[in-house]
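Participant: when you get a sec, could you give me coordinates for this:
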Amino acid sequence: MVNFCCVFKCSNRSDRESELRYFRLPSEVTRKGEDTRQLSLQRKRRWLSVLRLQSRTTDFKSWDRICSVHFVSGKKAELFDTNNDDWVPTLHLGHEQAKLPKPSDKNRGERAKRRRSDKIEAQEAIEAAKKEKAAAEELAQKEIADAAQLAEKERQAAEVLLDFATHLNTPTPETESNDELTTEISQQKETQTEPQTVSTCVSIQTQTDLTGEFLDILQQDSLRVNEDLYRLRDQVANKHEISENNLKNDDERVKYYTGLSSFLILTAVFDLICPYISHTHRSALNKFQQMMVVLMRLRLNLSEQDLAYRFGVSQSTISRIFKATLDVMFMRLKQLIIWPEREVMRQTMPMQFRKEFGQRVAVIIDCFEVFIDRPSNLLARAQTWSNYKHHNTVKYLIGITPQGTTSFLSKAWGGRTSDKVITEESGFLYKLEPGDIVLADRGFTISESVAMQGAQAHIPAFTRGKDQLSPADVDMTRKIANVRIHVERVIGSTRQKFTILGGPIPIELLDKDGSGFTIMDKLTTICCALNNLNPSVVDFE
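Facilitator: Residues are numbered from 1 along each chain as shown. Presented below is the predicted three-dimensional model:
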């Protein structure tokens with residue numbers, strides 16, 4: 001059966017233009033719920049309007065077809081994909097009033113899907129945080145109730161024992177009659193009086209002594225119970241507080257909140273920056289907590305309001321502490337990103353590099369990009385647009401040693417800047433020495449620039465202008481790929497440990513201060529420096 005396209009002035013037919021696809025026109029869906037029926041009716045009306053077929057008021061004909069020429073992607077979209085450009089045909093409709101898709105709207109469907117997924121993820125994160133907070137509050141209330149119940153039971157037991165001891169010391173009529181009888185017997189039998197009197201006195205004295213000791217023990221137990229109760233209340237109140245004492249013996253908690261592998265390393269970082277953190281008697285947080293504000297934001301990408309709730313202070317206080325402490329940590333920790341001496345690097349060269357390139361490899365370089373919010377300024381928007389990521393980004397040049405530590409990190413560049421320009425303008429070339437080998441990806445066409453410093457750049461071979469690579473090029477490309485993967489592993493490890501690098505980054509973090517660095521430059525430097533303190537991703541054997 002031959003299918004004809006029903007669009008005005010379109011003469012495509014299936015027996016002649018066989019490479020095209022022909023689709024049925026939408027109809028009313030009646031067996032999948034009221035919402036689906038309404039959506040299908042809406043779509044049918046849209047098609048009628050676009051195709052100028054309003055005369056067909058009931059339905060499309062069963063033989064009506066539309067060819068793939070009239071869709072942006074070459075096929076019509078699904079019923080529920082309402083944000084897709086091809087939910088209705090938009091191309092070559094045969095009349096001037098038809099609206100063609102704007103170039104900026106081609107990815108509108110993808111952006112809408114991404115917004116919906118981001119909204120769902122945010123809602124799930126909020127629900128999880130609420131459940132976690134409710135569970136923690138329930139646990140704390142249960143512990144307080146158990147402690148109070150235990151203290152009440154011990155207090156009641158102490159009162160019963162105290163009443164019993166008091167009852168033992170209270171004279172009764174029976175005791176008084178026994179005393180009178182003892183007096184009469186003592187008058188009649190003088191020979192037995194003295195031993196009985198002595199025995200009775202010793203018994204009374206012993207009973208009094210035991211009762212006094214018992215009362216002292218009860219009083220001490222009561223004090224101990226009260227102390228335990230107060231201590232339990234303090235523990236429950238401070239259990240979820242971010243403090244040095246709570247993190248001291250919990251490396252897993254340290255790793256979750258800071259990205260560092262142990263409390264010992266966290267203490268070393270704190271000792272390095274502690275003398276330079278500002279703290280007075282009016283400060284809301286101590287020095288350790290001020291450092292944790294920065295580390296938790298880098299590690300978990302928490303908002304300032306979230307940190308304010310966690311530390312029990314205002315958002316403005318968190319903002320002020322974050323900026324001040326970030327400057328201190330940047331000045332003290334940037335020295336952890338160092339370019340090692342050549343002799344030191346050769347002595348610790350991993351065996352994998354020695355087998356492939358000897359002891360001459362100095363650095364492996366690559367660029368990584370961080371998503372940012374869309375700038376309102378048109379020039380900034382153009383400079384930060386990345387054709388590779390299809391997003392506004394900032395780009396960093398990173399260099400790692402064969403041992404797996406970050407030895408170079410550039411300032412932030414716009415996502416539009418090429419890898420070659422960043423390499424030549426960031427000051428990286430001045431760190432090379434004659435005889436050094438630089439490993440890079442194909443995008444780094446820097447062989448001539450590196451050669452000017454007396455070094456060599458090993459880059460995978462291109463097949464441009466060749467039918468295939470020579471055996472020597474294939475072998476060299478394999479060697480470079482085997483060791484160059486480590487720079488990607490370091491970048492991935494840094495992103496995983498410090499999720500703030502996953503973006504998107506607010507525009508206000510890209511403003512430069514008096515030092516010439518942006519806040520984004522400072523926090524990226526801190527993340528790479530802290531990652532150098534973790535175990536290396538490179539196997540030295």
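Participant: please report phi then psi for residue 245.
Facilitator: phi -70, psi -40 (degrees, to the nearest 10).
Participant: ok, it to residue 255 distance?
Facilitator: Here residue 245 is placed at a distance of 18 Å from residue 255 (CB to CB, to the nearest Å). Every C-beta, even on glycine, is put in place using the N, C-alpha and C of the backbone.
Participant: neighbour count winner among those two?
Facilitator: Neighbours around residue 245 and residue 255, counted as other CB atoms under 10 Å, are more numerous at residue 255. The numbers are 18 against 9.
Participant: where do the strands sit along the stretch 301-450 of the chain?
Facilitator: Taking DSSP state E, counting those that start in this stretch as the test, the strands found in the stretch 301-450 of the chain are 361-371, 385-386, 391-400, 406-409, 413-414, 437-439.
Participant: what is the longest helix seen in the chain packed up against?
Facilitator: Looking across the chain with DSSP state H, the single longest helix is helix 108-169. Packing contacts for helix 108-169, counted by 3 or more CB pairs under 8 Å, 6 or more residues apart in numbering; DSSP states H and E, involve helix 190-238.
Participant: tell me the average confidence for the helix it packs on?
Facilitator: When the per-residue pLDDT values of helix 190-238 are averaged, the result is 60.
Participant: count residues in the vicinity of residue 379, would you?
Facilitator: Summarising burial for residue 379: neighbours were counted as other CB under 10 Å, giving 9.
Participant: and it, what pLDDT?
Facilitator: The predicted local distance difference test score for residue 379 is 92.
Participant: residue boundaries of the helices in the stretch 401-541 of the chain?
Facilitator: Here the stretch 401-541 of the chain has its helices, by DSSP state H, counting those that start in this stretch, at 419-425, 447-451, 471-497, 519-531.
Participant: buried ones in the second one?
Facilitator: By that I understand helix 447-451. Within helix 447-451, the residues that qualify as buried by neighbour count (16 or more other CB atoms under 10 Å) are 449, 450.
Participant: check which helices and strands it sits against.
Facilitator: Checked by 3+ CB pairs under 8 Å, 6+ apart, helix 447-451 has helix 419-425, strand 456-458 packed alongside it.
Participant: pull the distance from it to the chain's centre.
Facilitator: Using CA atoms, centre = their mean, to the nearest Å, the distance from the centre of helix 447-451 to the centre of the chain it belongs to is 39 Å.
Participant: before we move on, what about stretch 19-34?
Facilitator: The chain centre lies 44 Å from the centre of stretch 19-34; the measure is CA atoms, centre = their mean.
Participant: that one: end-to-end distance?
Facilitator: End-to-end distance for stretch 19-34, by CA to CA, to the nearest Å: 37 Å.
Participant: give me the neighbour count for residue 48.
Facilitator: 19.
Participant: next: residue 267.
Facilitator: 17.
Participant: the one 4 residues further on now?
Facilitator: Applying other CB under 10 Å, we find 9 residues neighbouring residue 271.
Participant: quick check: which element contains it?
Facilitator: Using DSSP states H and E, the element containing residue 271 is helix 263-273.
Participant: how about that helix, which residues are buried there?
Facilitator: Along helix 263-273, the positions that meet the burial threshold by neighbour count (16+ other CB under 10 Å) are 263, 265, 266, 267, 269, 270, 273.
Participant: isn't the first one right up against residue 249?
Facilitator: Yes. The pair residue 263 / residue 249 is scored as a contact, 7.4 Å apart, by CB atoms under 8 Å.
Participant: thinking again about what came up before, and of the buried residues of helix 263-273, the nearest to residue 488?
Facilitator: Residue 488 has its nearest neighbour among those in residue 265, at 24.4 Å by CB to CB.
Participant: that closest one and residue 533 touch, don't they?
Facilitator: Yes. Because the distance of 5.3 Å satisfies CB under 8 Å, residue 265 is recorded as touching residue 533.
Participant: hmm, back to that, single out the most deeply packed of the helices of the stretch 401-541 of the chain.
Facilitator: Each of these was assessed for mean neighbour count using mean count of other CB atoms under 10 Å. The highest is helix 519-531, with a mean of 23.
Participant: I'd like to know which elements that helix is packed against.
Facilitator: helix 287-300, helix 315-333, strand 391-400, strand 406-409, helix 471-497.
Participant: could you pull out the buried residues of the third one?
Facilitator: Across strand 391-400, burial judged by 16+ other CB under 10 Å covers 391, 392, 393, 394, 395, 396, 397, 398, 399, 400.
Participant: now those as a markdown table including pLDDT and distance to residue 327?
Facilitator: Conversion of the buried residues of strand 391-400 to a markdown table gives the following (pLDDT from 0 to 100; distance: CB to CB, whole Å):
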| residue | pLDDT | distance to residue 327 |
| --- | --- | --- |
| 391 | 92 | 29 |
| 392 | 93 | 26 |
| 393 | 94 | 25 |
| 394 | 94 | 20 |
| 395 | 94 | 24 |
| 396 | 94 | 20 |
| 397 | 94 | 23 |
| 398 | 94 | 22 |
| 399 | 94 | 25 |
| 400 | 92 | 26 |
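Participant: which stretches of this protein have low pLDDT?
Facilitator: 53-60, 95-109, 161-214, 230, 233-240, 463-467, 541 (pLDDT under 70).
Participant: distance of the most centrally placed residue in it from residue 259?
Facilitator: Computing the C-alpha centroid of the chain and ranking residues by CA atoms, centre = their mean puts residue 300 first, at 3.2 Å. When CB to CB is the yardstick, residue 300 and residue 259 sit 9 Å from each other.
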